[in-house]
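In: Quick one: sequence plus predicted model below, questions after.
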Amino acid sequence: MHTTKGKTIAQCLSERIDYGTNPEKTQNSELISSYACEPRTADAEFLASKKCYEQITGRCEATNVIAYQVRQSFKPGEVSPEEANRIGYDFAMRFLKGKHAFIVCTHNDKKHIHNHIYWNSTSLDCKRKFRNFWRSTDAVAKLSDLICTEHKMSIVADPQRRGISYNKWLGNRAKVSHRELLRIAIDAALSKKPHDFDAFLALLTAEGYRAKRGKYLSFDHDDFKQKVRISTLGEGYSEEEIRAVIQGQRSHTPQKRRTVKRAERPQTIIDIQAKLAEGKGDAYRRWATVENLKRMAKTKLYMDEHHLDYAALAERKNALVKQEAELTARIAQAQTRLAEINVLKTHIVNYSKTKDVYVAYRKSGYSKKYLEEHEADIIIHKAAKKAFDELGVKKLPTVKNLQVEFAELLSAKKTAYVDLKKVRDEMRELSIHKTNYEELRDLEEREDRKEKERGRE
């Protein structure tokens, strides 16, 4: 979300957030939740954080990005407005990791319930900015899909992408490292099969990259702050390796992004008859039969290793459900208090910084001229006083004490999140093995009945 030409940051923030918090769309504001800010004063708080950022870092806004927004839609009739809001809040907490203030506004004025999630471009400590990153759209979609799956809701199984090419995206949007840009340019030059190294350099020169000869070969560009040495680009990009590619002595493979292989997870037994009814053939039946034996064996091995029978399996799952509820409640309590501390801390700092301005405003007899000159500071001061009244704060705590409490709560919350992930992973694994065990038990019972029937014959 950018500033609009001819309008102040305060005006732009107010207009955008007012749309999201519209009472007619949010069930009289009941479908609004927030983290580290108050929805009614969010525009003033976002503005205050930007002023703090400039004071702390000494840096002015490099771009006109004032906030970010994600719109999250749900299938009609599948989710209640309240659950949609909780899902939006969970998404924002997991995506932003508690580092940015945000608001989740759930609109139920359309057939499809949807969330407008706004977050401040400035971090809570006012020392950093949120930086958009390559393929952030995919990251947002995957996290949203994961959370919706956890809530047993449908997702878009085959999304139709309307993206632009990688090179166009680089030109229009993101800040990519200089080394990555140079590697891309080298990949493009080598794909044109230059006849010698000078022709290769000429192709790079045409793209704005100037070769610099010294002890090492390096490249300069108008957009680079300093030269990039070719020997720092990684495997496949040294001068010797590039010369070998040009001479046909080796092939060139563009550098790929590293991927992390996920640990193998247990899987439920395949319903072979259902798959055959869908049109699968004999080859699939043979494969699925062998695969089911492997999955059953893993379930048997798991139960033997953990000394579990069916009753113990169900008992352990019930214990994990209880543990999950306790950890979730503990995290929710910590998040609520962390949000209160952030709001309180921000307002204490703002109150202190704008106190003299407001006192002067009061002494001026609430002059309209003085208000126009100091409008932002006066709005911030009023917002701080209002927040203290709503929180029932009579004696202001010190920022230092709040920071100590915040650090302790944050550490406890992170520990609880780690424990919660372990519990959920174990629950998922137990559910799969329980289902497989039931299938295995039913199969054994059927085999026993067949043997008895053969015995009677």
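Out: Nice, thanks for sending it over. Numbers count the residues shown, from 1 in each chain.
In: wait, is residue 115 part of a strand?
Out: Yes. Assessed with DSSP: H, G, I helix; E, B strand; the rest coil, residue 115 lies in a strand.
In: Nearest spatial neighbour of it, chain-adjacent residues omitted?
Out: Of all residues not flanking residue 115 in the chain, residue 88 sits nearest, at 3.7 Å (CB to CB, 6 or more residues apart in numbering). Bear in mind the C-beta positions are built from the backbone N, C-alpha and C, glycine included.
In: which residues sit in contact with that neighbour?
Out: 33, 72, 104, 106, 115, 117 (CB atoms under 8 Å, 6 or more residues apart in numbering).
In: quick one: buried residues of the helix or strand containing it?
Out: In the assignment (DSSP states H and E), residue 88 maps to helix 81-96. Across helix 81-96, burial judged by 16 or more other CB atoms under 10 Å covers 81, 84-93, 95-96.
In: what does stretch 133-145 give?
Out: Quick answer for stretch 133-145 (16+ other CB under 10 Å): 134, 143-145.
In: same check, this time on stretch 271-283
Out: Quick answer for stretch 271-283 (16+ other CB under 10 Å): residue 272.
In: Residues contacting that stretch from elsewhere in the structure, which ones?
Out: 284-285, 288-289, 292.
In: again, but for stretch 323-340
Out: Residues from elsewhere that reach stretch 323-340 (CB under 8 Å, 6+ apart): 34-36, 93, 98, 391, 405-406, 409-410, 412-413, 416-417, 419-420, 423-424, 427.
In: Which residue ranges of the stretch 351-457 of the chain form helices?
Out: 368-373, 375-391, 399-456 (DSSP state H, counting those that start in this stretch).
In: Check what pLDDT the residue nearest to residue 115 gets.
Out: Looking at residue 88, its pLDDT reads 95.
In: how about the strands in the stretch 101-250 of the chain?
Out: 102-107, 114-120, 210-212, 218-220, 228-229 (DSSP state E, counting those that start in this stretch).
In: now the residue nearest the centre of the chain: how far from residue 125?
Out: Centroid-nearest residue in the chain, with CA atoms, centre = their mean: residue 95, separated by 2.5 Å. Distance, residue 95 to residue 125, using CB to CB, to the nearest Å: 18 Å.
In: about what we covered before: of all the strands of the stretch 101-250 of the chain, which one is nearest residue 52?
Out: Comparison of the strands of the stretch 101-250 of the chain against residue 52 by CB to CB identifies strand 114-120 as nearest, at 11.2 Å.
In: who does the closest one pair up with?
Out: strand 67-73 (antiparallel), strand 102-107 (antiparallel) (DSSP bridges).
In: Can you give the distance of the first one from its chain's centre?
Out: The chain centre lies 12 Å from the centre of strand 67-73; the measure is CA atoms, centre = their mean, to the nearest Å.
In: Equivalent analysis for stretch 267-281, please.
Out: Here stretch 267-281 shows a centroid-to-chain-centroid distance of 36 Å under the convention CA atoms, centre = their mean.
In: Ends of that stretch, what's the gap?
Out: In stretch 267-281, first residue to last residue: 22 Å (CA to CA, to the nearest Å).
In: In the stretch 151-300 of the chain, what residue spans correspond to helices?
Out: 166-172, 178-191, 197-206, 239-246, 272-277, 282-305.
In: where in the stretch 351-457 of the chain is pLDDT low?
Out: Within the stretch 351-457 of the chain, the segments meeting pLDDT under 70 span 444, 447-448, 450-451, 454-457.
In: Tell me the confidence at the residue nearest to the centre of the chain?
Out: 93.
In: who's in contact with it?
Out: Contacts of residue 95 by CB under 8 Å, 6+ apart are 139-140, 143.
In: switch the cut-off to 7 Å
Out: Residues in contact with residue 95 (CB atoms under 7 Å, 6 or more residues apart in numbering) are 140, 143.
In: Good, wrapping up.
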